[in-house]
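A.B. asks: Provided below are the primary sequence and the corresponding predicted coordinates.
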Amino acid sequence: MFWIDVLSRIVHVSTAIALVGGSVFTLLVLLPSAGELDEAPHKQLAAAVAGRWKKFVHGGVALFILSGLYNFVRAIPLHKGDGTYHMLIGIKMLLALVVFFLAAALVGRSEKLATFRTNRKKWLTVLVILAAIIVAVSGYTKVRGIPDRAAETKTLVEPV
């Protein structure tokens, strides 16, 4: 199981680096640069980028879901009764679902979600901010360690 755990962690972190990094690049470099193009080349570039990026987004979301659920299931026994951990991971998962939706909406073709593509900079900014919050929560939960259950139980039963 150890090597599967390591592989799952590598897949999860590598996917985050690729997708979050690509989103930050798009927001801070590609969009401003593409904005300097005339309309026809701009639309051509946007279509080409979206066509390629879509494959990374869809594959990355699948990898995130699979590796994230595996990592969580493996961590459950270590955090039994650790309400703070489960709260933070729950928040992380909910935010991730919003990020997945925004990422899919921004590369998709649905007319019902065209407003996201029309306001690409706004929604990509929201996506990047949410991704940064997810990274912060992930970093905190990883380094905070596993609370000592015995110490917490002792504290809870001591008389006031």
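C.D. replies: Yep, it's here.
A.B. asks: in the helix or strand hosting Val126, what's buried?
C.D. replies: Val126 belongs to helix 120-143 when assigned by DSSP states H and E. Across helix 120-143, burial judged by 16 or more other CB atoms under 10 Å covers 120, 123-124, 127-128, 130-131, 134, 137-138, 141. C-beta here means a position set from N, CA and C on the backbone, and glycine is covered the same way.
A.B. asks: farthest pair within the residues you listed?
C.D. replies: Arg120 and Thr141 (31.1 Å; CB to CB).
A.B. asks: low-confidence stretches in the chain?
C.D. replies: 149-160 (pLDDT under 70).
A.B. asks: what is the longest helix anywhere in it packed up against?
C.D. replies: Once the chain is assigned using DSSP state H, the helix that runs over the most residues is helix 39-75. Applying 3 or more CB pairs under 8 Å, 6 or more residues apart in numbering; DSSP states H and E, one finds that helix 39-75 contacts helix 2-25, helix 31-34, helix 83-107.
A.B. asks: now render those as CSV, adding distance to Ala47 and mean neighbour count.
C.D. replies: Converted to CSV, the helices and strands packed on helix 39-75 look like this (distance: least, CB to CB, whole Å; neighbours: other CB atoms under 10 Å):
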stretch, distance to Ala47, mean neighbour count
helix 2-25, 17, 14
helix 31-34, 11, 13
helix 83-107, 11, 16
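A.B. asks: fine, thanks again, bye for now.
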